[in-house]
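K.L.:
Dropping the sequence and predicted coords here.
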Amino acid sequence: MDAAGNLYGVASYIAYELSPTSSGAWKFKTLHTFVGGVDGASPQSVLAFDRAGNLYGTTTNGGVHRGTVYELIPGANGTWSERILHLFAGDGVDGCFLASLL
C-alpha cells in the first residue's frame, strides 16, 4: 500500500494497482503485462516499494526459463516501465522458480 491508500499486487501475467474512489468502489489499473521470455512470466511475489516509489518483485517463469527479479519504475505520465534485475538460469548455481522477495 502506498501513502495515498492504493494497493499493489500481481495476478497471472500482470502487475496492478487498486485505487479507492469516493464512492467506495476500487479502480483497477494494469501497471505491467508480462509477456514471457526475458520479460518474465507468472509473477508470484509480494511487491516491495523503495523510497523512490519503484516496485520490486519476482516471476517464477521467463528469464532464462526459471524466473526473474524485476523493478517497475513509475513515469511522469502514469505509465510504468520494467527493468529486469536478474534472470535465473536454473542451472543449480543461482536457483530457480523464485517465489517471493519476502
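P.N.:
That came in fine, so what should we check first? Numbers count the residues shown, from 1 in each chain.
K.L.:
Packing partners of the helix or strand of the chain with the lowest mean pLDDT?
P.N.:
Least confident helix or strand, the chain: strand 41-43 with a mean of 86, by mean pLDDT, DSSP states H and E. Packed against strand 41-43, as judged by 3 or more Cβ pairs under 8 Å, 6 or more residues apart in numbering; DSSP states H and E, are the following elements: strand 55-61. Using the backbone N, CA and C atoms, a C-beta is placed for each residue, glycine as well.
K.L.:
Distance of the closest residue to Phe34 other than its chain neighbours relative to Asp2?
P.N.:
Distances taken as Cβ to Cβ, 6 or more residues apart in numbering put Tyr13 closest to Phe34, at 4.8 Å, once the chain neighbours are dropped. For Tyr13, the distance to Asp2 equals 23 Å [Cβ to Cβ, to the nearest Å].
K.L.:
Looking at those two, which is more packed in?
P.N.:
More crowded of Tyr13 and Asp2, by other Cβ atoms under 10 Å: Tyr13, with 19 against 12.
K.L.:
contacting residues around that one?
P.N.:
For Tyr13, the contacting residues are Thr33, Phe34, Val35, Ala41, Ser42, Pro43, by Cβ atoms under 8 Å, 6 or more residues apart in numbering.
K.L.:
Read off the pLDDT value for Asp94.
P.N.:
We have a pLDDT of 69 for Asp94.
K.L.:
do the same with Gly36
P.N.:
Gly36 is given a pLDDT of 83.
K.L.:
which residues does it contact?
P.N.:
Gly36 touches Asn61, Gly62, counting by Cβ under 8 Å, 6+ apart.
K.L.:
next one: Glu17
P.N.:
Asn6, Leu7, Tyr8, Phe28, Lys29, Leu31.
K.L.:
returning to that earlier point: most neighbours, which of the contacts of Tyr13?
P.N.:
Going by other Cβ under 10 Å, Pro43 tops the contacts of Tyr13 with 25 neighbours.
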